[in-house]
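S.K.: Coordinates for the following, if possible.
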Amino acid sequence: MRHRWMYVPMITLCLLLSACGGGSGGGQAEELALGIRAEYLAADRCAAQAEIIADYGQRVYQYALDVDWAREGVSTLTITAPEEVAGVTARLQTGETALEYDGVRVETGPLNPEGLSPMDAVPALFTAAREGFLAQCTLESTQEGLTVLHTVIRDPDAAPGAGTEVQLWFHGDTHALLRGEISQDGFTVIQCVFHQFVLTPAPA
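M.R.: You can find the predicted model right below:
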C-alpha cells in the first residue's frame, strides 16, 4: 500500500525556561519528576489521542491514533488518520515487545538502529516515562502561564545528543503527558502531541 505523506508543522508548546533548575540532581523539578513517575508506574490504564510525525529525513509521515494502554493485558493503538490506513489496530500484550496488527500492517521502515517504527512510538514514550533514566528535569512556563515539567531521558552513559534520547513534557498540575519526542544522534525522528490524556490509577 502506498502511504500519503506530508509535512505538517508540529503543534508546539511555546516554552520559556524558568529558574526552577535542571539536571537530574535535587530541586523542585526532580521532586515533581519522581512524583509523576510514581503515578505512571502505579497507573492501571491510560487513554489518549495522539498526533505523530515520523521524520525519515527524505520522507515524513503523519498519523493520528486512539490510544488505550493497559498495565496488564492488551494495549491497543488504532489509527484514525490518514484515511487510507484508518482503522488499522495494533495490539501489545503485557510482557511482549512486538505489536500484532488487525488488518494491513503499516510499514514505513525503522527510524533508528533498534527498529523503532511510528506505531512503536507511543509505547516507547510510555516506557520512558515509567522506566527511563532521568538525565535532566526542568520546570518551564508557557506564555499562558502553565507550568510544565520537561524531562530528558537517555542512557546514563551516553553523552547529550548521542544515541537514542527521549524528551517528555508533562502538565505541572494534572501530570498528563502533553508531548514527547524521540531523537537519534541529535536528529528528531518522532514528534508526538497528546490530547485528552487520562491516566487511571490502579484500584486500591
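S.K.: Tell me the buried residues in the longest helix along the chain?
M.R.: Looking across the chain with DSSP state H, the single longest helix is helix 28-42. Neighbour counts over helix 28-42 (16 or more other C-beta atoms under 10 Å) mark Ala29, Glu30, Leu32, Ala33, Ile36, Arg37, Tyr40 as buried. Using the backbone N, CA and C atoms, a C-beta is placed for each residue, glycine as well.
S.K.: of these, closest to Ala162?
M.R.: Proximity of the buried residues of helix 28-42 to Ala162 (C-beta to C-beta) peaks at Ala33, which lies at 21.8 Å.
S.K.: does the closest one really touch Ile153, like I thought?
M.R.: No - if you go by C-beta atoms under 8 Å, Ala33 and Ile153 don't touch, sitting 10.0 Å apart.
S.K.: Which other helices and strands does the longest helix of the chain contact?
M.R.: Applying 3 or more C-beta pairs under 8 Å, 6 or more residues apart in numbering; DSSP states H and E, one finds that helix 28-42 contacts helix 121-131, strand 134-142, strand 147-154, strand 187-201.
S.K.: So Gly95 belongs to a helix, correct?
M.R.: No - Gly95 is assigned coil when assessed by DSSP: H, G, I helix; E, B strand; the rest coil, not a helix.
S.K.: Okay, now the unreliable bits of this structure?
M.R.: For the chain, the stretches flagged by pLDDT under 70 are 1-26, 97-98, 103-105.
S.K.: The most centrally placed residue in the chain: what's it in contact with?
M.R.: The centre of the chain sits closest to Leu125, judged by C-alpha atoms, centre = their mean, with a distance of 3.4 Å. Taking C-beta atoms under 8 Å, 6 or more residues apart in numbering, we find Leu125 in contact with Val166, Leu168, Leu177, Gly180, Ile182, Cys192.
S.K.: ok, now with 6 Å
M.R.: Gly180 (C-beta atoms under 6 Å, 6 or more residues apart in numbering).
S.K.: Make 572 the starting number, not 1.
M.R.: Done: numbering now begins at 572, and the last item shifts to Leu696.
S.K.: so how far is Gln714 from it?
M.R.: 25 Å (C-beta to C-beta, to the nearest Å).
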